[in-house]
Structures are given as structure tokens and as C-alpha cells.
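Colleague: I would like to see how this sequence folds:
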Amino acid sequence: MPETPSRREGAVGEARMAEEMEAVIGLEIHVQLRTDQKLFCPDSTRFGDAPNTNVCPVCLGLPGALPTINEEAVDLAVRAAVAFGCDVHETSVFARKNYFYPDLPKGYQISQFERPLATGGSFRVRMDDGESVVRIRRIHMEEDAGKSVHDRFRRATAVDLNRAGTPLIEFVSEPDLTSPAQARAYLQQVKRVIEYLDVSDCNMEEGSLRVDANVSIRPRGSTTLETKTEVKNMNSFSGVEKALTTEIARQMEVTAAGGAVEHMTLLWDEVKGEVRPMRTKEESHDYRYFPEPDLPPLRLGRDRIETLRAELPELPASRADRFVAELGLPVYDAEVLTASRALADYFEAVAAQRGDAKSASNWIMGPVLAAMKDVGLDAGDFPVPAEALADLIDLVEGDTISHNVGKGVLRKMVETGEEAGVIVEREGLVQVRDSDRIEAWVDEVLEGHPDEVARFRGGEKRLQGYFMGEVMKRSRGKADPGEVARLLARKLEG
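Modeller: Just a heads-up that it's a prediction; the model follows:
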């Protein structure tokens, strides 16, 4: 059906609006701290236990129960704050955030408001088209609420309070992000740093990392912040990018039609690919914050803060830069190899064993990552030690076995735990360089495929790869590929 003039005009208007307007995005990242106990009581934080079993009078909000701070959670929070360049305050104050929800048993959440743990800080986001800086407004500590379960009972909502009181930190960025893709990259890279710090496992499926986004649009080049909406219920990196793209497009449509964006909280529906209103957006005064009367101010000595700073590991961006500068790796390799701390450690151990960073990189980025994916393990659990992988690479680089045979040997090392040399010797996989044996295999293949030989000589030169593969199969991968190629060229062109 042809478009009516009004529909065409609307599409043109929306396109013009997209050129003239820009998005303004800030993220609130909620990170569950890696502790065995809750923030204000000794109950377990273990995921997956039977509902309402990890609870006590403190996290249930029973009269007379008093909270006591978890010192391990404080250290993890400070560790994260100093890693992101924040100013950690020697005194911070817990506050009651008052609101009613079925999974909030006390009727308030213990959080931090006017005097948070840390403020300031910044983070460099790396993308293909360059770097950008996102400022960190604040990092504060708070307890989690429980969980409403909507699919356990028909026509009823159940409440599981196991999560109530779980220790969290919340990263609040300034509205420095300008696109959904940049927001996704920021979130992914923040997650990677947090994992390097061992502050959290950041498992989004289990709720260890959750993100809310504040988004608005404004005329391109303007510095004024317009009315924003908050988008919740984004449970994956792709979900964040899709939800923001959808909400920005919605705001563009509203504005292009002459309407005004309303201040509200929205839920992202992954299945329908749409945002829908949840409630009118609250402001801080709606929560009636006041200092938590049952907890004294949190006081941190400067020595404690500096000790935690000194214990920080090398962070992924710095490590990737070092891989490029000192080991001569391409930027792409360095980014892949620093995706996790365990993978970077594994790579460095293999490279040190071999004295050749590039061959270690090629093997880990290729066969090793493929093997990890196949068996569902990460580098920290990979059953082939760095020394054993280095020995396997030595066998390949020294032409004892071919590269393809090496990949098969790696799979058997993963399955059996045996060393490469044992597998190669037992299965007779040493590479054959004897020209007479290789020539016999070549002759057998060419004699068995006369039609393909005729087509090759008729101009289908791509069949060279086919003959090469057939010879390698006949030799069980043991024939020297260079000698196979030389003999095939001589016989096919002769």
C-alpha cells in the first residue's frame, strides 16, 4: 500500500528529528558484593536455596532486631571505589529509604543518600571509533530487597526474602553516554573491571548485576538536561542496548508529534521488544530519607583505604596496553585476552613458558577458546595447564605434528588430562616427512579422483584445496602439508 502524505511527512519528520536531537544516558549499576553473609546480619547470600530459608529477625525487620555492618562488604566496596578513581570518604552515613513494596519487609531499605561511601571518579570506555570518558557521580552501599515471584502460584504472587539484606554497591554515572551502543560498551567494561577486582561474580542471570538507565533527548549541541525516563528490567547487555534504542525512538516520536516526554519509570519487555509504563518516576524526596538510627556513621581510616588501594590488581585496560607495548600483540588480541583475569593469567603463563607471545595468543584465541566453549569451562577451570599447552605448541611449531593434528591432541588433553607427548606417541601422530610415503598418498588420491583432476586441469584451480584435504585425510593428518602441496603442484601441473 502506498504511503499517504501524512505518513510520509511523519517519517520525514522523525528522520529530521533524529538528526537534530541527541540522546543523554546515565546508568545506575547495582552490583552484589561477593560475600558469604548479608550486609547487616550473618544469613547466607547463597543463590538457589529454598525460598525464605536464609532469613532472620534482622533482614525480616522484626521489632528489636539491630543491624551490624559486614566489614568484608565494606572492604569490597572500597576496593571498587578506589579502582574507579573515586574519592572514598572517611565518614559516610547509612539512611533509611522509605517505600512500600511486598518484598521489602521492613518498609524501608537501608542505603546511603546525602553522605555516600564515595564520589567522583571516571571511567574510560573503549570502542572501535575511539575512547570516551564517563564520570562516576557516586558509589554507595545498600542492602537488596527480596524478590516477588509471579509464576509459582496461579493468580497469586509469592515473596522470597532470601535476597533481602544482600550487600550491594550502586554505581551512578553522570549523564555522559550518548548512544545505546556506548552504554552497552560501558556496562560490559565496568563488569570486566569488577570481575578483575573479585568484588562480584556479576552474574546477570542470578541478579548479581542489574542496571537501570535514565534517558532523555535534547537538541544536538545543547547542554540542558531535558525530562528523563528510567528504564528497568534489562537483564542482558543486548537487552540494555535494545531497550535504550526503543525508548530513544519513542521519545523522538513523541517530540516529533508535538508532545512532551513524561517523567516516569518504564519496564523493558524483552519478548515484545517494547517499553511500557510502570509508575510515575519518584524523586528523592518521595522516599523521605533520614539517617539510619540503628547504625553509627561508617568511619574508615585513611590507612585502611590506602592499603586496599595498594592491593589492587592490574586492571584490564592497563593490562591490554602492556600486552601491546611489551609483548607486541595486536590491539585486538590484547582485548580478547584480557576479557577475564583468569584468561589473561593463563595467556601470560603460556607465553612465558614459550618465550613467544604471538604463538601463545594464536592458540589461546583459536583452539583453546573453542575447547573452553565446547566443555563449558572458563580459563580458571580449564584442565590443560599452561605448561602442558606450551609443550603442545612446541610440538606443532617444531613440525613434530601438524597444526590440525595439534588441535585434535588438545581435545584429547582436555578429555583425558594426559600430556601432548604421551598422546602423540601412543597414537603414532608424528608428522611424516618422507617424500616417498607422501607421494604414494598423493598418487592414490589423484588416481581415485580422475574427474576432479580433469576439472582442475581444465581451469578449476580451487580444487587444489580439495586434493590437499583428501591427502591429509588419507594420511590421518600426519603428512607434512608443505611437501603435500609441493607434490600436488608438480603432479597436477605436469
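Colleague: Poorly predicted segments of this structure, please.
Modeller: Filtered on pLDDT under 70, the chain yields the residue ranges 1-18, 279-283, 431-432, 434, 494.
Colleague: Not counting its neighbours along the chain, what's nearest the residue nearest to the spatial centre of it?
Modeller: Residue closest to the mean C-alpha point of the chain, counted by C-alpha atoms, centre = their mean, is residue 188 at 4.7 Å. Counting by C-beta to C-beta, 6 or more residues apart in numbering, residue 188 lies nearest to residue 237, which is 5.7 Å off, once chain neighbours are set aside. All C-beta spots, glycine's among them, are computed from the backbone N, C-alpha and C.
Colleague: Equivalent analysis for residue 101, please.
Modeller: Closest residue to residue 101 apart from its sequence neighbours, by C-beta to C-beta, 6+ apart: residue 145 at 6.8 Å.
Colleague: Residue 104 is in contact with that neighbour, correct?
Modeller: Yes: counting by C-beta atoms under 8 Å, residue 104 is a contact partner of residue 145 at 4.9 Å.
Colleague: Helix, strand, or coil at residue 149?
Modeller: Secondary structure assignment for residue 149 (DSSP: H, G, I helix; E, B strand; the rest coil): strand.
Colleague: In this structure, spot the strand with the most residues.
Modeller: The longest strand of the chain (DSSP state E) is strand 130-143.
Colleague: residues of it that come out buried?
Modeller: The neighbour-count check on strand 130-143 (16 or more other C-beta atoms under 10 Å) flags 132, 134, 136-143 as buried.
Colleague: and the residues you listed, which two are the farthest apart?
Modeller: 132 and 143 (32.9 Å; C-beta to C-beta).
Colleague: What residue spans form the domains of this protein?
Modeller: Domain ranges of the chain: 26-304, 316-427, 435-493, per automatic domain parsing.
Colleague: Check the spacing between the residue nearest to residue 188 and residue 183 real quick.
Modeller: Remark: distance between residue 237 and residue 183 (C-beta to C-beta, to the nearest Å) = 9 Å.
Colleague: Which of these two has more residues huddled nearby?
Modeller: In this view residue 237 and residue 183 are compared by other C-beta atoms under 10 Å, and residue 183 has more residues nearby, 28 against 16.
Colleague: Dig out what the residue lying closest to the more buried one once chain neighbours are set aside forms beta bridges with.
Modeller: By the measure of C-beta to C-beta, 6+ apart, the closest residue to residue 183 outside its immediate chain neighbours is residue 177, 4.7 Å from it. Beta bridges link residue 177 to residue 25, judged by DSSP bridges.
Colleague: doesn't residue 26 make contact with residue 177?
Modeller: Yes: counting by C-beta under 8 Å, residue 177 touches residue 26, with 6.8 Å between them.
Colleague: who has more neighbours, the two?
Modeller: Legend: neighbour count by other C-beta under 10 Å for residue 177 and residue 26, higher for residue 177 (26 against 22).
Colleague: List the contacts of that one.
Modeller: Residue 177 makes contact with 23-27, 134, 183, 186, according to C-beta atoms under 8 Å, 6 or more residues apart in numbering.
Colleague: tell me which of the residues you listed is nearest to residue 413?
Modeller: Proximity of the contacts of residue 177 to residue 413 (C-beta to C-beta) peaks at residue 186, which lies at 38.1 Å.
Colleague: What is the neighbour count of that closest one?
Modeller: Every residue meeting other C-beta under 10 Å relative to residue 186 is counted, giving 25.
Colleague: which parts of the helix or strand containing it are buried?
Modeller: Using DSSP states H and E, residue 186 sits in helix 180-197. By 16+ other C-beta under 10 Å, the buried positions in helix 180-197 come out as 180, 182-187, 189-197.
Colleague: sorry, back to before: quick one: work out the angle between the longest strand of the chain and helix 180-197.
Modeller: 60 degrees (axes from the mean of the first three to the mean of the last three C-alpha atoms, to 10 degrees).
Colleague: Strand 130-143 - contacts with which helices or strands?
Modeller: Contacts defined by 3 or more C-beta pairs under 8 Å, 6 or more residues apart in numbering; DSSP states H and E place strand 130-143 against helix 71-83, strand 108-112, strand 118-119, strand 122-127, strand 167-173.
Colleague: got those as CSV, with distance to residue 441 columns?
Modeller: As requested, these are arranged in CSV below (distance: least, C-beta to C-beta, whole Å):
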stretch, distance to residue 441
helix 71-83, 58
strand 108-112, 72
strand 118-119, 68
strand 122-127, 49
strand 167-173, 61
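Colleague: Compare those and give me the one nearest residue 445.
Modeller: strand 122-127 (48.7 Å).
Colleague: Mind listing residues that contact stretch 59-72?
Modeller: So stretch 59-72 is contacted by 35, 37-41, 43, 56-58, 105-107, 110, 143, 161, 164-165, 167, 292, 294-295, 298 (C-beta under 8 Å, 6+ apart).
Colleague: Show me which positions of that stretch end up buried.
Modeller: Using 16+ other C-beta under 10 Å as the test for burial, stretch 59-72 gives 59-60, 67, 69-70.
Colleague: What about those, which are in helices?
Modeller: Counted as lying in helices by DSSP state H, out of these, are 59-60.
Colleague: so which two of the buried residues of stretch 59-72 are the farthest from each other?
Modeller: The two members of those with the most space between them (C-beta to C-beta) are 60 and 69, at 18.2 Å.
Colleague: first vs last residue of stretch 258-276, how far apart are they?
Modeller: Taking C-alpha to C-alpha, to the nearest Å, stretch 258-276 runs 20 Å from one end to the other.
Colleague: try stretch 211-225
Modeller: With C-alpha to C-alpha, one end of stretch 211-225 sits 21 Å from the other.
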